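Colleague: Next one to model:
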Amino acid sequence: MTLRSFFKFSLLLMLLLIPACGQRDDADSPPGDSGEPPTEDTGSPPEDVDDPPVDVDDPPVDADDSPEEGPVPDGGGGLPQTGEVNEELMALLERNLAATDPGVVLYVGSSEENYRAAYGLANIETNTPIQLTDYFRIASTSKPMVSAALLTFVDSGDISLDDPIADYLPADIVNNLASVSGTTVRQMLQMTSGIPNYTKVDAFTDAVNAAPRTAWTPTQVLEFAYDEPAEFTPGSGFDYSNSNYILAHIIIETLSEKTLAVVLKETVFDPAGMTECYLETADRFAENIVRGYDEPESGSQLLDVTEVNDGVGLGDGGVVCTLDSLVKFLPALLNGDILAENTLAAMLAGVANDRGAPYGLGIDVDNEGAFGLTIGHEGAASGFATSLLYLPEDKLSVAAITNYIAYSDGDDAVLASIVDGALAWWFD
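Modeller: Presented below is the predicted three-dimensional model:
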């Protein structure tokens, strides 16, 4: 299970250099000890928001639309908020990390028996240890949450999986972004649209480097991909493009006439009991989260990239969570607390790809996992990386989050090693 990141920022002269040992994922006030929960107004619109949702005159509605069905595993209900700190899991972290490095928080367990461990630092400069209650950017692990939020509008009959996405988007995007005019909602969520990926465009990287604290809007980031060719004809291939979930962000706000932050809270976080998750809107930028670190271009000093905005708070990777709230998502989803059964079946119907496990509607569905059916998503963004897995046959959740993106790099990535070790420990 390899986490992947696609670029790094050359910010040695612009960011804090931190003595230490030792990117945006294409698959996302300095806190110190950041256990303090976020403000209650998790749905407040940001100060710098995108253009208002476009008015759609009588968008196509197919209330009888029935997404293709498949087996829906039993989710097994919610998870408790507290559990024991396990010394064997602590030893696993200690074998892979150093106490003076950025840290990792780890969860392994079911609703009946669950364990946690935390090791490393939340803030290298202040030597603050990482805590189980800390808040982290979860990067592209946000995608299944955004997908689920949009799919609630399929359940309500406001949109169909086979509707053209162009019916719900501004004309400027439809006319300038390749493949949009021929893509369906299903293809957009499943990465089979062929729409070019804005995070792979050098001009976007250059813009972030030039102005690392810019609060980007969905429309602004998509504009970087306007001159890019389509990867393929919609439905004829697979390409993991973050642009798909920027478009989902816009469509959700069009359908709801609310911000994505509000819709996620109402349709996903509240039903799942994820009280310590929120979308990192511009007015909550870097709020309460641990410091995030990246590798330097040279030398042994880490870069604090917490306040680099490479599209923070957008639909392709903008959610912030604590460990305990994060692990509630997949059990709630598979237990039917968020989506109707046929819609959930459509979400879990994966397509083969060169990325690894079959990809559903914003979610990996591995029917050939070492320990049985494994559902989840990974994510990496500036300074952070996440792995979230659920094994429905055992009602087992595994989650690991780090504030050092280098732990997600390569086939022998530290975070992947920790997750594999946790699974092996549980099933031993």
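Colleague: where do the strands sit along the stretch 101-250 of the chain?
Modeller: If DSSP state E, counting those that start in this stretch is used as the criterion, the strands of the stretch 101-250 of the chain fall at 104-109, 114-119, 121-123, 128-129, 136-137.
Colleague: among these, which is nearest residue 338?
Modeller: The closest of those to residue 338 is strand 104-109. By Cβ to Cβ, the value is 20.0 Å. C-beta here means a position set from N, CA and C on the backbone, and glycine is covered the same way.
Colleague: ok, residues contacting that closest one?
Modeller: Strand 104-109 is contacted by residues 79, 83, 86, 89, 92-93, 96-97, 114-120, 130-132, 134, 136, 323-324, 326-327, 396-402, 407, 414-415, 418, 422-423, 425-426 when judged by Cβ atoms under 8 Å, 6 or more residues apart in numbering.
Colleague: Show me which of those residues are buried.
Modeller: Burial by neighbour count, judged by 16 or more other Cβ atoms under 10 Å, picks out 79, 83, 86, 89, 92-93, 96-97, 114-120, 130-132, 134, 136, 323-324, 326-327, 396-402, 407, 414-415, 418, 422-423, 426 from the contacts of strand 104-109.
Colleague: In helices, which of the residues you listed appear?
Modeller: With helices taken from DSSP state H, the overlap with the buried ones among the contacts of strand 104-109 comprises 89, 92-93, 96, 323-324, 326, 414-415, 418, 422-423, 426.
Colleague: Any stretches of the stretch 51-200 of the chain with poor pLDDT?
Modeller: 51-83 (pLDDT under 70).
Colleague: run the last query once more with 80
Modeller: Scanning the stretch 51-200 of the chain for pLDDT under 80 picks out 51-84.
Colleague: quick one: terminal-to-terminal distance for stretch 202-218?
Modeller: Taking Cα to Cα, to the nearest Å, stretch 202-218 runs 18 Å from one end to the other.
Colleague: Also stretch 377-392?
Modeller: 15 Å.
Colleague: pLDDT of it, averaged?
Modeller: The average pLDDT within stretch 377-392 is 96.
Colleague: Could you list the buried residues of it?
Modeller: 377-392.
Colleague: before we move on, what about stretch 142-159?
Modeller: By 16+ other Cβ under 10 Å, the buried positions in stretch 142-159 come out as 142-155, 158-159.
Colleague: Give me the nearest residue to residue 108, chain neighbours excluded.
Modeller: residue 422 (4.7 Å; Cβ to Cβ, 6 or more residues apart in numbering).
Colleague: Can you tell me how far the one you found is from residue 400?
Modeller: Here residue 422 is placed at a distance of 7 Å from residue 400 (Cβ to Cβ, to the nearest Å).
Colleague: Over to residue 269?
Modeller: Taking Cβ to Cβ, one finds residue 269 at 21 Å from residue 400.
Colleague: Who does residue 359 form a beta bridge with?
Modeller: Under the criterion DSSP bridges, residue 359 forms beta bridges with residue 351, residue 364.
Colleague: how far is stretch 320-327 from where the chain is centred?
Modeller: 12 Å (Cα atoms, centre = their mean, to the nearest Å).
Colleague: Quick one: mean pLDDT for that stretch?
Modeller: Averaged across stretch 320-327, pLDDT comes to 97.
Colleague: Distance check, the nearest residue to residue 292 once chain neighbours are set aside against residue 109.
Modeller: Distances taken as Cβ to Cβ, 6+ apart put residue 383 closest to residue 292, at 2.1 Å, once the chain neighbours are dropped. Residue 383 sits 27 Å away from residue 109, going by Cβ to Cβ.
Colleague: In contact with the closest residue to residue 182 other than its chain neighbours: list those residues for me.
Modeller: Counting by Cβ to Cβ, 6+ apart, residue 234 is the residue found nearest to residue 182 once chain neighbours are left out, at 4.6 Å. By Cβ under 8 Å, 6+ apart, the contact set of residue 234 is 179, 182, 183, 184, 187, 192, 193, 194.
Colleague: wait, doesn't the fourth one sit right on residue 167?
Modeller: No - in this structure, residue 184 is not within contact of residue 167 by Cβ atoms under 8 Å, at 10.2 Å.
Colleague: ok, these two, which is more surrounded?
Modeller: residue 184 (19 against 16; other Cβ atoms under 10 Å).
Colleague: So what's the residue count around residue 226?
Modeller: The burial count for residue 226: 15, using other Cβ under 10 Å.
Colleague: Leaving out the residues flanking it, which one is nearest to it?
Modeller: Leaving aside its sequence neighbours, residue 226 sits nearest to residue 176 (Cβ to Cβ, 6+ apart; 4.3 Å).
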